[in-house]
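# With the sequence up front, the predicted model follows.
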Amino acid sequence: DAKTTQPNSMESNEEEPVHLPCNHSTISGTDYIHWYRQLPSQGPEYVIHGLTSNVNNRMASLAIAEDRKSSTLILHRATLRDAAVYYCIPAGTYKYIFGTGTRLKVLA
Amino acid sequence: NAGVTQTPKFQVLKTGQSMTLQCAQDMNHNSMYWYRQDPGMGLRLIYYSASEGTTDKGEVPNGYNVSRLNKREFSLRLESAAPSQTSVYFCASSEGPWDYQPQHFGDGTRLSIL
């Protein structure tokens, strides 16, 4: 199974962009890279996913390295509501391993 | 839209008691999942159901059983609760296999076993 390495915590100022890195050097060629976030006392919430090329949606952008060994979740303008634990998950078929994620703190 | 609904939201049990956690989704999803989350940890998969009529073990299945009652409902049963099963339990669903389909999660059941 692919293993991930994420910073335990990060801080950002409100209204500034945030780049959340993830290393997944053992990812297989067919695993999608998913990102979820979990707000306090809630279930995880899907953010974005991709396979090889960069992806954008209304919540965030996902930049995937050309060798697929790392990816970066980009929040373009952090708000207080973005404070959460962010999980990077290389997803094989029915193999979905949550690590401990990155706790993002957003400063007003 | 209700999405994924879990009941109960909170429960306290004594060691050895049994109980069933209920999960229902209204998105017509094929696949459903049960996870547990211990304090300060990520989620770990207990069981999953790829489609109606099938169930398979995940990473931590010991001490649990599941039933995919129909396409909407997927229940998790603790036959003889143990303190080590104190955790927050999350149910999730997805349209298809999770490698490329997002999962939608419920708000969890907080279970304490004394």
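Cool, got the structure. Here the structure is a predicted model, which is why all the values come from computation and not from measurement.
# Next, find the distance separating A:Val47 from A:Leu104.
A:Val47 sits 12 Å away from A:Leu104, taking CB to CB, to the nearest Å as the criterion. Backbone N, C-alpha and C define where each C-beta goes, glycine included.
# what sits in contact with each of the two?
A:Tyr86 (CB atoms under 8 Å, 6 or more residues apart in numbering or on different chains).
# mind checking how far stretch A:28-38 is from the chain centre?
8 Å (CA atoms, centre = their mean, to the nearest Å).
# can you check stretch B:36-44 too?
Centre-to-centre, stretch B:36-44 and its host chain are 13 Å apart (CA atoms, centre = their mean).
# buried sites along it?
B:Arg36, B:Gln37, B:Gly42, B:Leu43 (16 or more other CB atoms under 10 Å in any protein chain shown).
# What of stretch A:5-20?
Neighbour count says stretch A:5-20 has A:Gln6, A:Met10, A:Ser12, A:Val18, A:Leu20 buried, by 16+ other CB under 10 Å.
# likewise stretch A:63-78?
Residues A:Ala63, A:Ile64, A:Arg68, A:Ser70, A:Ser71, A:Thr72, A:Leu73, A:Leu75, A:Ala78 are the ones in stretch A:63-78 that count as buried (16+ other CB under 10 Å).
# Which parts of chain B are strands?
Using DSSP state E, the strands assigned to chain B run over residues B:4-7, B:10-13, B:19-25, B:31-37, B:43-49, B:56-57, B:64-68, B:74-78, B:87-94, B:104-105, B:109-113.
# Pull the first one out as PDB, backbone CA atoms only.
Below are the C-alpha coordinates for strand B:4-7, written out as PDB (Å, rounded to 0.1, in the frame of the first residue of the first chain):
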ATOM      1  CA  VAL B   4     -25.400   9.900   4.800                       C
ATOM      2  CA  THR B   5     -27.400   9.500   8.000                       C
ATOM      3  CA  GLN B   6     -26.000   7.700  11.000                       C
ATOM      4  CA  THR B   7     -27.900   6.600  14.100                       C
END
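# mind checking the SS state of the nearest residue to B:Met41 once chain neighbours are set aside?
Counting by CB to CB, 6 or more residues apart in numbering or on different chains, A:Thr100 is the residue found nearest to B:Met41 once chain neighbours are left out, at 6.5 Å. Here A:Thr100 is recorded as coil under DSSP: H, G, I helix; E, B strand; the rest coil.
# A:Thr100: neighbouring residues, count only.
By the criterion of other CB atoms under 10 Å in any protein chain shown, A:Thr100 has 13 neighbours.
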